[in-house]
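S.K.: sequence first, then the predicted structure:
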Amino acid sequence: DDENDESHDHNHHNQTLEYLNVGFNKIGPMGCEALVSSLRNNCTLRYLKMQSNEISNAGLCSIGHGLMGNMTLQSLDLEFNFIHHDFDFNVLPDCLAICGLEELNLSRNEINDDGAEALAKALKHNTRLRKINLYRNKIGTKGGIAIADALRTHNMTVEDLDLQYNRVTCTTELNPLK
C-alpha cells in the first residue's frame, strides 16, 4: 500500500511533463476534474489538448477553477467538448486567468452570444492571450460585436481570432480596428 501511495504522490507532483494530449478519450466531466486535480501542482506543462472528451460545462468549470493562476500553461485545446449555452459563462474569466495562456481553442462547441460576451469581458483584463479559436459555435452578431469591442478598446495582444461558421452577420461595429 505504501508503494501505491508513493507512486500516486510522484504522479501528482510530476515536474517534467510539458505536453499532454488526452484527446478523443471521452473522459467526461469527472475524468476532467481528476486530470486537472493531478495537474494542479505541475509547473512545467505548456500544452494541454483535451479535444473531443465530452467534458461539457462541468469540465470547463474544473479547468477554470483548477488551473487558475497557472503560470506555464500556454495552449489549451477544448475543441468539441459539448460546452454549451446553459452554464455559468463567468467561468470563462477563470480560464483566462490561467496566467501563461496564449492560445485557447473552444471550437466546435455550442457557445452562444452570452458566452461570447463573457469571453469579451474576460479579454478586457487579459494581456497574454494571442490566439482564440471559436470556429463553429453559435455566436451571433451581438457576441461578435462584444468580442470586437473588447479587442478594439482593451485588449491589444490577440493576433488571431477564428469566428468562422458562427452566426455573425456583417456590420461596421465588428471591425476590431475601427
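M.R.: That came through fine.

S.K.: name the helices or strands packed onto whichever strand or helix holds Pro29?
M.R.: Element membership for Pro29, per DSSP states H and E: helix 28-39. Under the contact definition 3 or more C-beta pairs under 8 Å, 6 or more residues apart in numbering; DSSP states H and E, helix 28-39 sits against helix 56-66. (Glycine included, C-beta is placed from N, CA and C.)

S.K.: identify each buried residue in the helix it packs on, please.
M.R.: Ser56, Asn57, Ala58, Gly59, Leu60, Cys61, Ser62, Ile63, Gly64, Gly66 (16 or more other C-beta atoms under 10 Å).

S.K.: lowest-confidence helix or strand of the protein?
M.R.: When each helix and strand of the chain is scored by mean pLDDT, DSSP states H and E, helix 2-12 comes last, with a mean of 48.

S.K.: any idea of the mean pLDDT in stretch 104-121?
M.R.: Across stretch 104-121, the average pLDDT comes to 92.

S.K.: repeat that for stretch 73-85.
M.R.: For stretch 73-85, the mean pLDDT works out to 92.

S.K.: so who does Thr127 touch?
M.R.: By C-beta atoms under 8 Å, 6 or more residues apart in numbering, the contact list for Thr127 reads Asn155, Thr157.

S.K.: got it, and Leu35?
M.R.: Applying C-beta under 8 Å, 6+ apart to Leu35 gives the contacts Val22, Ile27, Met50.

S.K.: 10 Å instead, please
M.R.: Leu20, Val22, Asn25, Ile27, Leu48, Met50, Asn53, Ile55, Gly59, Ser62, Ile63, Gly66 (C-beta atoms under 10 Å, 6 or more residues apart in numbering).
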